[in-house]
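Novice: Return atomic coordinates for the entry below.
(chains A, B, C and D)
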Protein chains: 2
Amino acid sequence: MVTLESRRKIPRKAAIVAKTGLPSRTRGPSPKKTARTRNAIVRAAVDEFLERGFAGSTMAGLAERARLAKGTLYLYFQTKEALFSGVVRDIVSNPLSDSESQPILPGERVGDYLRRTLLPVMRQMEKTGRASIARVVMAEGAQFPFLGDVYREGAYEPLLAHIRSCARLALSRGELKDDALARYPHLLVAPLWGGIIHNAMIDQRHPVDVGDLFEAQLNTYFPK
Amino acid sequence: MVTLESRRKIPRKAAIVAKTGLPSRTRGPSPKKTARTRNAIVRAAVDEFLERGFAGSTMAGLAERARLAKGTLYLYFQTKEALFSGVVRDIVSNPLSDSESQPILPGERVGDYLRRTLLPVMRQMEKTGRASIARVVMAEGAQFPFLGDVYREGAYEPLLAHIRSCARLALSRGELKDDALARYPHLLVAPLWGGIIHNAMIDQRHPVDVGDLFEAQLNTYFPK
DNA sequence: CTCTAAAGTGACCATGTGGTCATTTATGGT
DNA sequence: ACCATAAATGACCACATGGTCACTTTAGAG
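Specialist: Numbering: from 1, shown residues only, chains lettered A, B, ... in the order given. Okay, here's the model as predicted:
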């Protein structure tokens, strides 16, 4: 597990473009190609990691999936871990379903607001592959702390903060009777975790509808 | 990944005892020794797997932990996977905290019953290492279906069944106002999953108290 | 078309690891 | 003490895999 720091004498542009995103006007294949290639790698990596996990994935298999040579991968990512990290970052910080930015309507109860904005997002979780990402974080987070970091900052913490502020608003309006949710916004998302785990790891034969689970929890804390 | 089926001409007793548990009255080291050795292996394996996960564990490291030679492990388990399986089976089907068998007192409300019997168990989850097992299931369950199977049958399904029956009882007594919990007993344990994931994978720096989380959920569904 | 820099390649290497087995060590019966 | 048998050992092997690099291909500029 020794990582040599030696760089090649002639710096490759791909790696640089991949990092800085700056196009360069010189000779050689179009810099747009580097973007396409990078995308191909990322897409293949997502599939590979989701299917096999981090440890189970191989750079060779990944390269084959992307229809590239193994060496090419290393023009874009210095190590397997860097590739993993980059992929997760890409997905998590996607133009995500930012239900968090939708405003509450005048006169709308907090519960109804969450049912209107958050519930649809949660119902989509498994279809959009966001559940899969969550699964990878669960599976590999303990071994690769950067994974948890990326996920926490890109998705988890923002959502918790949003729920917390909603809970506080509801509390101040008297729409919640206790401060459980304000103190533990985790409670509202917990059914998602429970459902994802149930479906993916424990009982694939009898899956639960994660959306229904979330809705039931929502309705319990914010009665209709 | 080719597994040869060839057995040695002279069958080793260790493997046999390990499987059948039958002592044999012949010469050679006492058969009790095989039991001790097996225990040493299992204990070391638990630690190793919990610490590094399945893929991350090595048979050599495991052997060192157990203060045995690598070859010895293969006298008790045919493959790394078999060892993993055996270990998980051992733990899950332990003399577990069978709060499920405790009876409800006459006149006791279901909520109080659960607070009395289930809450302490949940509070102990992280200390007793049961949370770690759950973590391993989460991490490796997708890759090793038998893991989910063992966990489901040994721990998950019994608990869900217990909660479901409690929920039905409470519903019939009017102590619950809707059938959410009866339909989705998962909701009551969901905070555990959420908490474990939060603490282990996402935000080790700001852990939540899993027991508190569970209690808050319990109090929401069964108000005091 | 030619030249040149960048993109892409895949044989190769070093390392780590699951699994084997001939040999050695321990132990109870005689 | 000695034997027979089971338990334990660790050098060894085959192979997979992360990472490298000298070389080939591609394509824009002149």
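Novice: Output the lowest mean pLDDT helix or strand found in chain A.
Specialist: helix A:13-20 (a mean of 47; mean pLDDT, DSSP states H and E).
Novice: Now the phi/psi pair for the residue of chain A found nearest DNA strand C, please.
Specialist: Residue nearest to DNA strand C within chain A (Cβ to the nearest atom of the strand): residue A:71, separated by 1.6 Å. The C-beta positions use only the backbone N, C-alpha and C, and glycine is treated the same way. The phi/psi pair for residue A:71 (degrees, to the nearest 10) reads phi -60, psi -30.
Novice: contacting residues around it?
Specialist: Neighbour list for residue A:71: empty [criterion: Cβ atoms under 8 Å, 6 or more residues apart in numbering or on different chains].
Novice: I'd like to know how far it sits from residue A:83.
Specialist: 13 Å (Cβ to Cβ, to the nearest Å).
Novice: Residue of chain A closest to DNA strand D, please.
Specialist: residue A:71 (3.1 Å).
Novice: excluding its backbone neighbours, what's nearest the spatially most central residue of chain A?
Specialist: Nearest to the mean C-alpha position of chain A, by Cα atoms, centre = their mean, lies residue A:92 at 3.3 Å. Excluding the flanking residues, the one nearest residue A:92 by Cβ to Cβ, 6 or more residues apart in numbering or on different chains is residue A:154, at 3.5 Å.
Novice: and that neighbour, how far is that from residue A:114?
Specialist: With distances taken as Cβ to Cβ, residue A:154 is found 21 Å from residue A:114.
Novice: go on, residue A:125?
Specialist: Using Cβ to Cβ, we find residue A:125 at a distance of 15 Å from residue A:114.
Novice: same question, residue A:216
Specialist: For residue A:216 relative to residue A:114 (Cβ to Cβ), the value is 13 Å.
Novice: Give me the more crowded residue out of these two.
Specialist: More neighbours surround residue A:114 than the other of residue A:216 and residue A:114, with 24 against 19 (other Cβ atoms under 10 Å in any protein chain shown).
Novice: tell me which element the more buried one falls in.
Specialist: Per DSSP states H and E: residue A:114 is located in helix A:110-128.
Novice: Dump the C-alpha coordinates for that helix into PDB.
Specialist: Presented in PDB, the C-alpha positions along helix A:110-128 are these (Å, rounded to 0.1, in the frame of the first residue of the first chain):
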ATOM      1  CA  VAL A 110     -45.800  22.500   8.500                       C
ATOM      2  CA  GLY A 111     -47.000  18.900   8.200                       C
ATOM      3  CA  ASP A 112     -48.700  19.700   4.900                       C
ATOM      4  CA  TYR A 113     -45.700  21.500   3.700                       C
ATOM      5  CA  LEU A 114     -43.500  18.400   4.400                       C
ATOM      6  CA  ARG A 115     -46.000  16.100   2.800                       C
ATOM      7  CA  ARG A 116     -46.100  18.300  -0.200                       C
ATOM      8  CA  THR A 117     -42.300  18.900  -0.700                       C
ATOM      9  CA  LEU A 118     -40.400  16.200   1.100                       C
ATOM     10  CA  LEU A 119     -42.600  13.100   0.700                       C
ATOM     11  CA  PRO A 120     -42.400  13.000  -3.100                       C
ATOM     12  CA  VAL A 121     -38.600  13.200  -2.800                       C
ATOM     13  CA  MET A 122     -38.500  10.300  -0.400                       C
ATOM     14  CA  ARG A 123     -40.800   8.300  -2.500                       C
ATOM     15  CA  GLN A 124     -38.400   8.600  -5.400                       C
ATOM     16  CA  MET A 125     -35.300   7.700  -3.300                       C
ATOM     17  CA  GLU A 126     -35.100   4.100  -4.500                       C
ATOM     18  CA  LYS A 127     -35.900   4.900  -8.100                       C
ATOM     19  CA  THR A 128     -33.300   7.700  -8.500                       C
END
